[in-house]
Every structure is written in C-alpha cells, then in structure tokens.
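Engineer: Here is the input, now give the coordinates:
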Amino acid sequence: MQSSLKGRLGLAAVLAVVLALFGLAPAASADPAPAPLTFGTSSATTTPGGSVQLSMTLTNNKTYDIWFVYQTIDPTWLTTQRPDLKYSFTGCTLATASGSTPCAGTGPANLGQNYGATIPPGQSRTVTLTLQVAADSGCNGNIGFYSYYYAEFSDSTNTSGGPVFTPETRVLCA
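Structural biologist: Purely as a prediction, here's the structure:
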C-alpha cells in the first residue's frame, strides 16, 4: 500500500511539472498596482510668458474605493539649480463627468482634495495644473517636477508611491 501511495504522489508531482511547463497550471493571482499616478503635459516647450498644462491622473486599480489622497509636487533638483527660471502654478481643474471644475491647493501643497475622492474601483481622476512661465524668465532651461503620493482605501489599506517624475518643459527663447 505504501509503494502504491508513493507511486500516486510521484505521478501527481510529474503531472504538476508537465502542466506548469506548458502553462496549463493555475496561476497565482496578484493584486494589481493599487493606484498608479501618471503625468502628461500639453506641450514639451514654451516661451517666457507662456503656459503649459500639467495633467496628473490617479487610477484606482484596486477593488475598493479610494477614500483619501495626499500628494506633493516639487521641482526637481536640476530645476532648482536655475534661479533664472521663473514660474508658478496659476490654476487647477478637476475633470469630472459633467466637465471641468476648479480645485483648490495649487502649487507644492496638499493636492489630495483635488482628486475628488472617493474614486471607485477601475476609475481615474485627472487634475490639471496650469504652469505659468514668467515673462522675465530665463531661457534654454528645463522645468520639471516630482511627486510623492499616499492613498487610503475603503478596506483600511493604503499605498504610497514616488517619486513619480513629470515630463520636463523646456523654456525656449523666441
């Protein structure tokens, strides 16, 4: 009886290896990334006095609502090394199903309230900041930012991420 049991266990092990080799074994399911943050810009270049739209999209890939978001946005080290580059965030909008709505907290501040949490599973929220380059700004430099974020979900879990870097905007001379 014992040799019969060993034979069955050995056969089961061989069958499991064969199934795994041919991709027929059940795969372990992993929880998807719970809240990726992506950036985009309306233009890769601008001139002194011009503006660029910086869009940030937070996507909930988890099966629970996002209840709370906290986000920072700060200039990159290379951007801070060019004191002749002058810029500021002058506007903020949140894209909604019924159109854009103004949001609060522009600049390197708590941007969490701007996402209009609660964000249901599978949905995204996009916040767009207006980056205004001063008319007397220096030229031939790149303006870039990085962000850290923290999100809490309705199942009492949380996630954090960063740094996430924005595309750089080059300030050109006319």
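Engineer: The helix or strand encompassing Tyr148 pairs with which strands?
Structural biologist: Element membership for Tyr148, per DSSP states H and E: strand 145-153. Here strand 145-153 has these sheet partners by DSSP bridges: strand 66-75 (antiparallel), strand 158-165 (antiparallel).
Engineer: any idea which of those strands is most buried?
Structural biologist: Using mean count of other C-beta atoms under 10 Å, the stretch among the strands paired with strand 145-153 with the greatest mean number of neighbours is strand 66-75 (a mean of 19). To be clear about C-beta, it is placed using only N, CA and C from the backbone, and glycine gets the same treatment.
Engineer: Could you pull up phi and psi at Asp155?
Structural biologist: Main-chain dihedrals, Asp155, degrees, to the nearest 10: phi -90, psi 20.
Engineer: show me the contacts for it.
Structural biologist: Residues counted as contacts of Asp155 (C-beta atoms under 8 Å, 6 or more residues apart in numbering) are Tyr64.
Engineer: please begin residue numbering at 13 from this point
Structural biologist: Yes, from this point I'll number from 13; that puts the last item at Asp167.
Engineer: any idea how far it lies from Thr75?
Structural biologist: Asp167 sits 8 Å away from Thr75, taking C-beta to C-beta, to the nearest Å as the criterion.
Engineer: low pLDDT regions in the chain?
Structural biologist: 13-46, 116-126, 129, 186 (pLDDT under 70).
Engineer: That one: strands as residue ranges?
Structural biologist: Using DSSP state E, the strands found in the chain span residues 49-53, 57-58, 63-71, 78-87, 99-108, 111-114, 136-145, 153-155, 157-165, 170-177, 181-183.
Engineer: Fine by me, thanks again.
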